[in-house]
Structures are given as structure tokens and as C-alpha cells.
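Visitor: got a predicted structure here, sequence first:
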Amino acid sequence: MEEEKLLGLLSKYFNDREIKEVKKAIFFAKKSHGKIKRASGENFYLHPLRSTSKLARIRMGKDTIIAALLHDILEDTDTISIEVEKRFGKDVLKLIKGVTKLSKVRLKTSWFPFRKVKVEQIPIFERQSETLKKMLLAMAEDVRVIFIKLADKIDNMETLGSLSKEKQERIASEVLEIYAPIANRLGMGKWKGTLEDLAFPYVYPEEYKKLQELAIPKIKEREKYLKIVIKELKLMFKGNNIKVLGIDYRAKKWYSLFLKLKKYDMNINKIYDLVAVRIILPDIENCYSALGIIHSKWKPLIGRIKDYIALPKPNGYRSLHTTVFCIDGKITEFQIRTPAMHQQAELGIAAHWIYDEKKVSKNNGNEKIRWLEEFAKIQKDSTSTTTTKDLANTFKLDLFSDRIFVFTPQGDVRDLPLGASAIDFAYSIHTDIGNHCAGAKINGKLQSIKTILKNGDVIEITTNKKTKPSRDWLNFAKTQIARGHIRKYAKRSILRINFRS
Ligand code: MN
């Protein structure tokens with residue numbers, strides 16, 4: 001059944017030749033996974049089929065679809081790699097390898113020098129920053145890898161019920177901490193909301209229950225009211241010759257409502273967009289006209305008019321928002337946009353990858369979000385220092401606001417805690433480099449090793465054999481690794497002095 005569902009979705013935009021190739025991949029996936037079962041007892045191959053359907057629903061191209069079907073078959077065996085390349089081409093193989101790489105959390109021996117550990121035992125923060133770093137690097141290389149990974153995650157979340165409670169909680173909090181923010185960063189509002197609402201009940205079961213009790217009656221009441229508002233709106237637009245493509249309302253997603261309520265002391269009456277009205281119009285001019293008509297009838301709240309058309313959000317989101325005293329003085333939010341803006345709001349960067357037969361399929365997908373492009377650039381062109389200055393401004397990683405990402409001159413990423421200095425960076429490279437670090441070139445400029453680093457900095461450490469760690473460094477070292485080495489060194493030198501005297 002999952003197979004028919006997928007083929008049905010694809011038949012809407014793939015031609016016969018492409019469908020034939022997809023069928024080949026389905027067969028290959030089934031054969032590769034064989035009789036392997038998932039924790040739920042179902043056949044494993046149903047998982048890639050369902051994940052792929054999510055990508056077909058947003059009309060991803062053939063390579064992405066095939067790679068998604070095969071995303072779990074590669075376990076570093078060269079035989080399968082070669083076979084995949086032979087049957088489905090280099091691009092597909094590259095995508096699969098990208099996804100495979102993401103799933104493996106590398107164990108650093110420095111975390112556990114004396115014992116063997118399982119992935120589950122890696123401290124949550126280490127695991128998350130490792131995952132995040134990989135996601136960013138993969139994304140910079142080919143963002144389609146992330147689309148596949150997110151689709152994979154959504155299916156995993158939907159079938160999370162059969163795992164142990166501990167695993168559920170771990171996987172779900174990772175979704176809230178990493179995968180949903182990344183979807184958000186890419187402007188993929190729909191998947192972000194889906195991921196969050198799937199994870200929310202596992203991570204905060206009690207809060208989730210309470211929130212539902214609090215909000216559901218309120219939502220029902222609002223929906224009843226908005227039906228009346230929409231009727232009125234339609235008449236208003238008709239009277240003013242405004243062509244409307246659609247008017248609807250939508251309830252706020254659970255997790256985002258939860259976060260917002262926390263900011264407003266859990267007072268649901270202060271949430272004006274609990275259920276908002278969404279108006280779709282054919283072009284930008286009509287959007288502004290619609291806004292004018294709404295304001296001429298109902299007074300807007302001061303400071304609540306947001307023109308994200310003239311000033312889009314950093315993730316590309318565009319729309320007009322306004323909150324007004326509506327019928328009976330009830331405070332109501334309206335979101336006004338064109339179909340293209342709507343698509344952008346739901347799919348974000350993925351909207352640029354939508355398969356379009358009229359275009360040459362290679363051509364779409366060239367559009368990238370700027371910060372991602374810059375991230376990729378710094379990976380390649382690490383010696384250029386002019387771009388790094390802008391980078392510090394544009395490369396705002398709000399995913400982990402308490403972490404910064406800096407680079408070696410070779411373009412390797414190091415993630416350090418906020419407030420880390422060049423000393424921390426030196427130790428993150430190698431103990432000897434830390435112990436003998438004498439100076440730091442930050443974005444091409446010579447600076448003290450005590451300099452606090454900023455997001456996006458490129459750092460080159462100069463060493464001097466004669467330089468030794470001093471206790472004073474502890475005032476500037478933030479990471480445990482650096483502090484440990486500095487302390488160890490200080491202790492050792494005291495011992496040496498005592499011995500000599
Ligand atoms: Mn998978």
C-alpha cells in the first residue's frame with residue numbers, strides 16, 4: 001500500500017521513464033532490507049517508502065527520491081556502493097552517502113579515554129553539537145541531504161511509539177534541539193511544525209496535556225467566531241473588487257503555542273494568533289490593498305502591523321501580518337500573502353528544489369540561502385579574510401545561541417562555548433598547540449591569544465617552543481579541555497621547581 005501511495009504521488013509530476021527508474025529503486029530497497037523488521041515489528045522497507053512519500057508530496061526531483069528510497073541501505077560496504085552507483089548514478093550515491101554520514105555520531109576518544117561506550121552514553125550536549133556540525137557541513141555541500149534526513153526523522157517520530165521510554169525521550173529532544181531548528185533555519189515552516197508537534201508530547205508529556213486542556217476549548221470558540229469574520233471579509237473584498245484566491249484560518253501549532261505561552265505567563269488570552277486568518281491573493285499589490293481594506297474597517301493594534309513583504313525574515317518568510325479589533329472588538333490576527341509566499345513559508349529553501357518539467361531539472365536548486373552559501377564558501381576559500389568579516393554578521397547561528405562556530409585556516413569547523421578565547425581554540429586543535437600558543441591571527445589580523453572569539457572567526461595560531469601555559473590563562477580559557485591542560489601544566493611546573501630547590 002505504501003508503494004502505491006508513493007507511486008501515486010510521483011505520477012503527478014514524473015514521466016514514465018522516471019517512474020520506471022523509481023520502481024527499480026523500490027525493488028532494490030526491498031531486496032536490500034530483505035526480511036529485516038523495525039522495532040514495531042513491521043517490515044523495515046516500509047520506512048524508506050514512507051519517508052520518500054513525504055518528499056514526493058513536496059515534489060522533489062528524481063535523484064532525491066531515489067536516494068531517499070535507498071537512504072538506509074548503505075552500511076559502508078563497498079559492494080553496495082558500487083552497485084548503487086552502477087544502477088542509479090554518482091549523484092544518487094553521493095546523496096545516500098551524505099545521509100549515511102549524518103546518522104553516525106563519531107565517538108571521540110577524548111570524551112571517554114578509558115572505556116568503551118555506546119552512542120546513547122555520549123553526553124547529550126556533545127552528541128548534539130556533533131550532530132549539528134555534521135548537519136551544517138552536509139547542508140553546505142548539498143542541501144538535499146538535509147531534506148532526506150528531515151523526511152527520515154519525521155517518519156521515525158511518527159513511529160516512535162514502539163521504542164523504550166528512554167530512547168523516545170532522547171530522540172524527541174534531539175528533534176526539538178536540532179532538527180526542528182534546522183528546518184526553521186531553512187524556512188521549512190511546515191516540516192518544522194510537524195517535527196516539533198511530534199516531539200513535544202514525548203519531551204514534555206505533562207505540559208502537553210495541560211496545554212491541550214487549556215487551548216482546545218478556546219480554539220473551538222475562535223474557529224466558530226472566525227467563520228463569521230471570514231464571511232464578512234469576503235463581502236468586503238468583493239465590494240472593493242479585490243480578487244481573493246483563498247481565505248482560511250489555522251490554529252497555531254502546539255509547540256510554538258507552548259513557547260509563546262511561556263513568554264506570556266501562560267495567559268492564553270494574550271495569544272492573538274491562537275487561530276489566525278490567512279488570506280491568499282494573486283499579487284503583492286492586492287496584498288497591500290487587502291491590508292488597507294481591513295484597517296479601514298477595523299482598527300489595528302499599535303505595533304502589531306508587520307510588513308514581512310518589504311522586510312522578509314532572515315529565513316525568507318514573507319507576508320503581511322496585522323492584528324485588529326475585529327467584530328465585537330475581539331482581537332484577531334490576519335496573515336496576508338501570495339501563493340508564492342505561501343509556498344515559501346511552508347517549504348522554504350525546498351521550494352527552490354521543486355521539480356518542474358518546464359525547467360531543465362539541473363537548473364532549479366541553484367538558489368541557496370545566503371548564510372548557507374557563505375558557510376560553504378568559507379569551507380572552500382578559507383584564506384579569504386574579507387568575507388569573514390561579513391560572515392560574523394550574517395552567519396548568526398541561533399540554533400545554539402550559547403555556542404560559537406569558528407574555523408581553522410583550512411576551513412575546519414570548531415564549535416566552542418560563547419566567550420571562548422583563542423586559547424580554547426588552540427587546545428581544541430592539539431594539546432601541544434595549546435601549550436605553546438604564542439599568538440593568534442584572527443581574520444588575518446594578529447591578536448592576543450586572550451581575545452574572545454566571535455561566530456565565524458577564522459583563527460590561525462602561532463606557536464613558540466618557549467611559550468608555556470601560565471595560571472593567568474585560566475582567566476581566559478572556557479573549555480574544560482583547555483582548563484584541564486593548563487592546570488596540569490601549572491601543577492607540573494610547581495613540582496619541578498620544588499624538586500630543583
Ligand atoms: Mn532511516
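Guide: Perfect, I can see it now. Numbering: from 1, shown residues only.

Visitor: nearest residue to the residue nearest the centre of the chain other than its sequence neighbours?
Guide: A centroid search over the chain (CA atoms, centre = their mean) returns I182, at 0.7 Å, as the residue closest to the centre. Residue nearest to I182 in three dimensions, not counting chain neighbours: M135, with 5.7 Å by CB to CB, 6 or more residues apart in numbering. Backbone N, C-alpha and C define where each C-beta goes, glycine included.

Visitor: separation between that neighbour and the ion?
Guide: The gap separating M135 from the ion is 15 Å, by CB to the ion, to the nearest Å.

Visitor: tell me how many other residues surround G439.
Guide: G439 has 16 neighbouring residues, counting by other CB atoms under 10 Å.

Visitor: by proximity to the ion, which residue of the stretch 351-500 of the chain wins?
Guide: The stretch 351-500 of the chain approaches the ion most closely through W353 (20.0 Å), counting by CB to the ion.

Visitor: ok so E285 is a strand residue?
Guide: No: secondary structure assignment places E285 outside any strand; it is helix (DSSP: H, G, I helix; E, B strand; the rest coil).

Visitor: could you measure from it over to L311?
Guide: 18 Å (CB to CB, to the nearest Å).

Visitor: so the residue nearest to the centre of the chain is in which element?
Guide: In this assignment (DSSP states H and E), I182 forms part of helix 180-185.

Visitor: taking the mean pLDDT, what do you get for that helix?
Guide: Averaging the model's pLDDT scores along helix 180-185 yields 85.

Visitor: give me the contact list for the next helix or strand after it.
Guide: Using DSSP H and E, the next helix or strand after helix 180-185 towards the C-terminus is helix 189-203. When contacts are taken as CB atoms under 8 Å, 6 or more residues apart in numbering, the neighbours of helix 189-203 outside the stretch itself are 150, 153-154, 157-158, 160, 168-169, 171-173, 175-176, 179-181, 183-184, 208, 253-256, 258, 317, 345-348.

Visitor: before we move on, the earlier item: tell me the first helix or strand C-terminal of the helix or strand hosting the residue nearest to I182.
Guide: M135 belongs to helix 124-141 when assigned by DSSP H and E. Taking DSSP H and E as the definition, the helix or strand that follows helix 124-141 towards the C-terminus is helix 144-158.

Visitor: tell me how far that following helix is from the chain's mean position?
Guide: Taking CA atoms, centre = their mean, to the nearest Å, the mean C-alpha location of helix 144-158 is offset from the chain mean by 11 Å.

Visitor: and stretch 445-452, by the same measure?
Guide: 32 Å.

Visitor: for the closest residue to G246 other than its chain neighbours, give me the pLDDT.
Guide: The spatial neighbour of G246 that comes closest, neighbours along the chain excluded (CB to CB, 6+ apart), is I280 at 4.2 Å. As summarised for this prediction, I280 has a pLDDT of 97.

Visitor: identify the residues contacting I280.
Guide: I280 makes contact with 244-247, 337-339, 342, according to CB under 8 Å, 6+ apart.

Visitor: buried ones in stretch 348-358?
Guide: Applying a neighbour-count criterion of 16 or more other CB atoms under 10 Å, the buried positions in stretch 348-358 are 348-355.

Visitor: kindly report the same for stretch 37-53.
Guide: Along stretch 37-53, the positions that meet the burial threshold by neighbour count (16+ other CB under 10 Å) are 38, 43-53.

Visitor: check stretch 284-294 too.
Guide: Under 16+ other CB under 10 Å, the buried positions of stretch 284-294 are 284, 286-291, 293-294.

Visitor: just to revisit the earlier point, is it true that the residue nearest to I182 touches I146?
Guide: Yes: because the distance of 6.5 Å satisfies CB atoms under 8 Å, M135 is recorded as touching I146.

Visitor: of these two, which one has the most company?
Guide: Each of M135 and I146 had its neighbours counted (other CB under 10 Å), and the higher figure belongs to I146 (26 against 21).

Visitor: circling back: quick check: the residue of the stretch 351-500 of the chain closest to the ion touching V145?
Guide: No: assessed by CB under 8 Å, W353 is found out of contact with V145, at 11.8 Å.

Visitor: tell me, how many residues neighbour the closest residue to E158 other than its chain neighbours?
Guide: Closest residue to E158 in three dimensions, ignoring its sequence neighbours and counting by CB to CB, 6+ apart: L198, at 6.4 Å. When counting by other CB under 10 Å, one arrives at 22 neighbours for L198.

Visitor: and for K441?
Guide: Per other CB under 10 Å, the neighbour tally for K441 reads 16.

Visitor: that one looks like it's in a strand, true?
Guide: Yes: checked against three-state DSSP, K441 lies within a strand.

Visitor: quick one: the strands in the stretch 351-500 of the chain, in order.
Guide: Taking DSSP state E, counting those that start in this stretch, the strands of the stretch 351-500 of the chain run over residues 403-407, 413-417, 437-442, 445-447, 459-463.

Visitor: which other helices and strands contact the fourth one?
Guide: Counting by 3 or more CB pairs under 8 Å, 6 or more residues apart in numbering; DSSP states H and E, the packing neighbours recorded for strand 445-447 are strand 437-442.

Visitor: before we move on, the earlier item: anything in contact with each of M135 and I146?
Guide: By the contact definition CB under 8 Å, 6+ apart, M135 and I146 are jointly contacted by I182.

Visitor: contacting residues for the closest residue to the ion within the stretch 251-400 of the chain?
Guide: In the stretch 251-400 of the chain, no residue comes nearer to the ion than A350, which is 18.5 Å away by CB to the ion. Contacts for A350 were tallied using CB under 8 Å, 6+ apart; they are 58, 60, 147, 186, 188.

Visitor: before we move on, back to that, could the buried residues of stretch 284-294 go into a markdown table alongside pLDDT and distance to the ion?
Guide: What follows is the buried residues of stretch 284-294, written out as a markdown table (pLDDT from 0 to 100; distance: CB to the ion, whole Å):
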| residue | pLDDT | distance to the ion |
| --- | --- | --- |
| I284 | 95 | 40 |
| N286 | 95 | 43 |
| C287 | 96 | 40 |
| Y288 | 96 | 45 |
| S289 | 95 | 47 |
| A290 | 96 | 43 |
| L291 | 96 | 44 |
| I293 | 95 | 48 |
| I294 | 96 | 45 |
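
Visitor: let me know the closest of those residues to K465.
Guide: Relative to K465, the closest of the buried residues of stretch 284-294 is I284; by CB to CB it sits at 64.3 Å.

Visitor: quick check: phi and psi at T467.
Guide: According to degrees, to the nearest 10, the main-chain angles of T467 amount to phi -70, psi 140.

Visitor: pretty sure the residue nearest to the centre of the chain sits against I146.
Guide: Yes: under the contact definition of CB under 8 Å, I182 touches I146, with a separation of 6.7 Å.

Visitor: joint contacts of the two?
Guide: Common neighbours of I182 and I146, using CB under 8 Å, 6+ apart, are 135, 139.

Visitor: for this protein, which residues are neighbours of the ion?
Guide: Proximity of the chain to the ion, by CB under 5 Å from the ion, involves residues 72, 152.

Visitor: so where's the chain shaky on pLDDT?
Guide: Across the chain, the ranges flagged by pLDDT under 70 are 76, 104-133, 140, 314-315, 356-403, 411-413, 493-501.

Visitor: let's see 50
Guide: Under the criterion of pLDDT under 50, the regions of the chain flagged as low confidence span 107, 109, 111, 357-371, 374, 378-401, 500-501.

Visitor: can you give me the domain assignment for it?
Guide: The chain is divided into the following domains under automatic domain parsing: 2-203, 206-337, 401-500.
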